[in-house]
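Asker: Quick one, structure for this:
(one chain, ligands or ions: 1)
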Amino acid sequence: MSTPPEMLYPEMLYPELLAPFDMHAIMRDGRRLDHAEAASKPLRSRPEPQPRGAKGHGKRPIDQAEAAARFIAAPEHEKMHDERLWDLRQKRDREMHGITEWEELRSLASAIKEHTLTHLDEYLEQFEANAVANGVHVHWAKDAAEHNRVVQGILSDHGAKSLIKSKSMLTEECGFRPYMASVGIEVIETDLGERIQQLDNEDPSHVVVPAVHKLRTDVAEVFARTIGTDPANNDVHYLAEAQREATRPLILAADAGMTGCNFAVAETGTFVVCTNEGNADLSANVPKLHIASIGIEKIIPRLEHLAVFVRLLSRSALGSPVTQYTSHFRGPREGGEMHIVLVDNGRSERLGMEEFWTSLKCIRCGACMNTCPVYRRSGGLSYGATYSGPIGLIIDPTFNERKFSNLPFTSTLNGSCSNVCPVKINIHEQIYAWRRVLVARHETPLAKRVEMKAAGELLSRPAAYRAAIAAADVALAHLPRFVIYNGLNAWGRHREMPHPPKQTFHSWYQANRGEKQ
Ligand code: SF4
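Answerer: Predicted structure coming up:
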C-alpha cells in the first residue's frame, strides 16, 4: 500500500493536490517539486525566443517603433499578448454590462478624484494626522531619491538586510530595487509575475500583470536559469509550485516588508492594498517592520468613497468582480512598527499642468492598455518606461520630456482608452495635447517636423490635395513595387498599401450632389 501524500509531505498546505506517483517527477534536496498535473512535458525543441524591450541610449529618445517591430517579428508572442489582453478587455465589458449604474460609478469616481486633487493639501494633512494617531510613522519624500534614502534609513535603523515587497509601480518609478541592491539590501518580490520579472532582470511590462508578455516557455527558461527547475517542463502548476518553494523561505526569513497602496483614506489614516495572491498580506504581516510607499495622488477623502473605487478597479483591470484580497492596513501589528512614505516625485508639478493634471486620477487598473491596439501588439517593454500603454504616453513625458518625446506619437488616437477608463481620464485628448506641446518645444525629430509641415501645407490647400491624391492613385496602380515598397515608406514595411478606390468621395459628391439637393 502506498504512503498517503499528507504523511510524505506533512508541511504542505494542500497535500491533496499532489499528483499520483510520477517516476519523472522533479526532485530537489530529496523533495518532490511538482504538484497535481506537474509531470514533465516535452517542449518543442526550439521555443520562440522572447523579444526584449526598448534599448536605452542615454538621454536619446526611446525608439518605441524599433522595439515594437522586434515584438511583432515574434509571432507567437505577439499573438498570445494580443489575445490575452483582448480577453481581459472582453471580460471587463461583460462585468460592466452586469452593473446598470456603471456610468454613474465612473462619473462619481472621476468627481471624487477631481475634488480630492483640488484639495490635496488638506486631505494629505488629514491623512497624516490620523495615521500618526493610529501609531504609524509618516515620512514625506519629494522625489525618488529621497524616497529611497528614507526607506534605507528606516531599514538601517532596524538592522534590516532583507526586504519582502509586494508589487508597487511607485517603487518601480523610484528605481527602488537597483538602489537597494547598491546599498547591499536584498529585495524579494512576492507577487509571482513581479518575481518572474525580477529574476529575469526586466521591468514589469503591465501595471497589473507584469509578466503578461511572457510565454510559458519563457518562464520555464527563467526559472531553469535562476532557481534550477527542469528546463523541459513548462507546466504552470509545476512552475508556480517551484517558485513558491524557492521564495517562501526567503519570505519567512525577511527582516522587513514593504507594500504599495491602492487607496489611502484621509478620514481614517488607513490604506488599502488590492492583490490577487495575498502577497501584500505576507509582506505586511510576516516581518515586524512594515513600510508602505504611497504616491500622494492615492488619497481619497472618506471610507465610503472606497466602495466606488473597489467596484470599478478589479472589473476594469481583469474583468473580475473583486480582487481576491482587499487588505486594509490601519496600524502596526502587535509588537511591530509601521512606516508610511508619502511620495511626490513630480506629482505636484503635474497637478499644475493645465492639460495633464487629470492624469493624476489614474487608479492603475490597466484597462487602457488592454484595449489599446498599439500596446497589445507591441508589448509594454517597447515603451522603455515605467508606465506603458496610453496612460504611459501622458505620464512618462512629465518625468523626462526628451527621453519620452516619441511616446505620444505611438497611438492611433482611436479613443478606446478614454472609453474604458474607470475614472474618465480624457486619455486620447491628452496624448494629442502632448503632441502639440512636443512639436512646439521642438522635441520631435527634424524629419517628422518637415513631414508634418509639408502635410499641413498640402491639407490646407484643397486643390493641391486633390491633385496629390489623384497622382498617388495613379502611382499606386502603375508604379513597380520597389518604387513604393522601399526603406522610405515606413507604412509599407509591415503592410500592403490599400488599393485606391475607383472614385474619390469628392468626385462622387460632385457627380451626385445635384441629385441630393
Ligand atoms: S488611465 Fe484609466 S484606464 Fe488607464 S490605467 Fe489609469 S485608471 Fe486605468
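Asker: Provide a list of residues in contact with Met80.
Answerer: Leu215 (Cβ atoms under 8 Å, 6 or more residues apart in numbering). Every residue, glycine included, has its C-beta placed from N, CA and C.
Asker: tell me which element it falls in.
Answerer: According to DSSP states H and E, Met80 maps onto helix 75-97.
Asker: C-alpha coordinates for that helix, CSV please?
Answerer: Output of helix 75-97 as CSV, limited to C-alpha atoms (Å, rounded to 0.1, in the frame of the first residue of the first chain):
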residue,chain,number,x,y,z
PRO,A,75,4.6,36.0,-34.0
GLU,A,76,3.8,33.6,-31.0
HIS,A,77,4.5,36.3,-28.5
GLU,A,78,2.5,38.9,-30.4
LYS,A,79,-0.5,36.6,-30.9
MET,A,80,-0.5,35.5,-27.3
HIS,A,81,-0.1,39.1,-26.0
ASP,A,82,-2.8,40.5,-28.2
GLU,A,83,-5.3,37.7,-27.4
ARG,A,84,-4.6,37.6,-23.6
LEU,A,85,-5.2,41.4,-23.3
TRP,A,86,-8.2,41.4,-25.5
ASP,A,87,-9.6,38.6,-23.4
LEU,A,88,-9.2,40.9,-20.3
ARG,A,89,-10.9,43.7,-22.2
GLN,A,90,-13.9,41.4,-23.1
LYS,A,91,-14.2,40.2,-19.5
ARG,A,92,-14.2,43.8,-18.4
ASP,A,93,-17.0,44.6,-20.8
ARG,A,94,-19.1,41.6,-19.5
GLU,A,95,-18.7,42.9,-15.9
MET,A,96,-19.5,46.4,-17.0
HIS,A,97,-22.8,45.2,-18.6
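Asker: relative to helix 75-97, how tilted is the helix or strand just after it?
Answerer: Toward the C-terminus, helix 75-97 is succeeded by helix 102-118 as the next helix or strand (DSSP H and E). Angle, helix 102-118 to helix 75-97, by axes from the mean of the first three to the mean of the last three Cα atoms, to 10 degrees: 100 degrees.
Asker: Next, the buried residues of helix 102-118.
Answerer: Of the residues in helix 102-118, 102, 105-106, 108-110, 112-114, 116-117 count as buried by neighbour count, 16 or more other Cβ atoms under 10 Å.
Asker: Any chance you could list what contacts that helix?
Answerer: Helix 102-118 has contacts (Cβ under 8 Å, 6+ apart) with 96, 99, 123, 297, 299-301, 305, 308-309, 311-312, 351, 357-358, 360-361, 363, 421-425.
Asker: Among these, which ones lie close to the ligand?
Answerer: Applying Cβ under 6 Å from any ligand atom to the contacts of helix 102-118, one finds that 363, 421-423, 425 fall near the ligand.
Asker: can you list the residues of the chain near the ligand?
Answerer: 316, 362-368, 391, 420-423, 425, 427.
Asker: before we move on, the earlier item: same question for the helix holding Met80, mean pLDDT?
Answerer: Averaged across helix 75-97, the pLDDT comes to 96.
Asker: same thing with stretch 400-418?
Answerer: Stretch 400-418 comes out at a mean pLDDT of 95.
Asker: Stretch 263-272 now?
Answerer: Mean predicted lDDT for stretch 263-272 stands at 98.
Asker: and if you look at stretch 482-491?
Answerer: On average, stretch 482-491 scores 76.
Asker: C-alpha coordinates for that stretch, CSV please?
Answerer: Output in CSV follows, covering the C-alpha atoms of stretch 482-491 (Å, rounded to 0.1, in the frame of the first residue of the first chain):
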residue,chain,number,x,y,z
PHE,A,482,10.2,48.6,-55.4
VAL,A,483,9.4,52.2,-56.0
ILE,A,484,6.6,52.1,-53.4
TYR,A,485,7.9,49.5,-51.0
ASN,A,486,11.3,50.8,-50.1
GLY,A,487,13.0,52.0,-46.9
LEU,A,488,11.4,55.4,-47.2
ASN,A,489,7.9,54.0,-46.9
ALA,A,490,7.5,53.2,-43.2
TRP,A,491,3.9,52.2,-43.7
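Asker: Any chance you could list what contacts that stretch?
Answerer: Taking contacts as Cβ under 8 Å, 6+ apart, the residues outside stretch 482-491 that touch it are 475-476, 492-493, 497.
Asker: List the buried residues of stretch 403-413.
Answerer: By neighbour count with 16+ other Cβ under 10 Å, stretch 403-413 contains the buried residues 403-411.
Asker: any idea which of those residues is closest to the ligand?
Answerer: Ser411 (12.8 Å; Cβ to the nearest ligand atom).
Asker: Which residue comes closest to that closest one once chain neighbours are left out?
Answerer: Leaving aside its sequence neighbours, Ser411 sits nearest to Ile431 (Cβ to Cβ, 6 or more residues apart in numbering; 5.0 Å).
Asker: Pretty sure that neighbour sits against Thr412.
Answerer: No: the pair Ile431 / Thr412 is not scored as a contact, 9.9 Å apart, by Cβ atoms under 8 Å.
Asker: follow-up on the earlier one: turn the buried residues of stretch 403-413 into a markdown table, columns for secondary structure.
Answerer: Shown next, in a markdown table, are the buried residues of stretch 403-413 (DSSP: H, G, I helix; E, B strand; the rest coil):
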| residue | secondary structure |
| --- | --- |
| Lys403 | coil |
| Phe404 | coil |
| Ser405 | coil |
| Asn406 | coil |
| Leu407 | helix |
| Pro408 | helix |
| Phe409 | helix |
| Thr410 | coil |
| Ser411 | coil |
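Asker: Could you dump these into JSON lines with distance to Arg376 added?
Answerer: Output for the buried residues of stretch 403-413, formatted as JSON lines (distance: Cβ to Cβ, whole Å):
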{"residue": "Lys403", "distance to Arg376": "24"}
{"residue": "Phe404", "distance to Arg376": "20"}
{"residue": "Ser405", "distance to Arg376": "23"}
{"residue": "Asn406", "distance to Arg376": "19"}
{"residue": "Leu407", "distance to Arg376": "16"}
{"residue": "Pro408", "distance to Arg376": "18"}
{"residue": "Phe409", "distance to Arg376": "18"}
{"residue": "Thr410", "distance to Arg376": "12"}
{"residue": "Ser411", "distance to Arg376": "12"}
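Asker: Which members of those residues are the farthest-apart pair?
Answerer: Greatest spatial distance among these (Cβ to Cβ): Lys403 and Ser411, at 17.6 Å.
Asker: which other residues reach stretch 328-341?
Answerer: Under Cβ under 8 Å, 6+ apart, the answer for stretch 328-341 is 131, 134-141, 147, 150-151, 154, 158, 259, 268-273, 284-285, 287-294.
Asker: what do you get if the cut-off is 7 Å, keeping everything else the same?
Answerer: For stretch 328-341, contacts defined as Cβ atoms under 7 Å, 6 or more residues apart in numbering pick out 131, 134-139, 141, 147, 150-151, 154, 270-272, 284-285, 288-294.
Asker: What mean pLDDT does it get?
Answerer: On average, stretch 328-341 scores 96.
Asker: Offset the numbering so it begins at 30, please.
Answerer: Will do, 30 is the new start, and the previous item becomes stretch 357-370.
Asker: can you pull the buried residues of that stretch?
Answerer: 358, 360-361, 366-370.
Asker: For the ligand, give me its nearest residue in the stretch 80-229 of the chain.
Answerer: Residue nearest to the ligand within the stretch 80-229 of the chain: Ala138 (8.9 Å; Cβ to the nearest ligand atom).
Asker: Tell me how many other residues crowd His77.
Answerer: In this structure residue 77 is Glu, not His. 15 (other Cβ atoms under 10 Å).
Asker: if I look at it, how far off is His106?
Answerer: Per Cβ to Cβ, to the nearest Å, Glu77 is found 7 Å from His106.
Asker: wait, isn't Lys196 in contact with Leu221?
Answerer: No: counting by Cβ atoms under 7 Å, Lys196 sits too far from Leu221 to count as a contact (9.6 Å).
Asker: Compare these two (neighbour count), which wins?
Answerer: Neighbour count, other Cβ under 10 Å: between Lys196 and Leu221, Lys196 has more, with 26 against 20.
Asker: what sits against the more buried one?
Answerer: 220, 223, 239, 289.
Asker: What distance do you get for it to Asp186?
Answerer: On the measure of Cβ to Cβ, Lys196 and Asp186 end up 25 Å apart.
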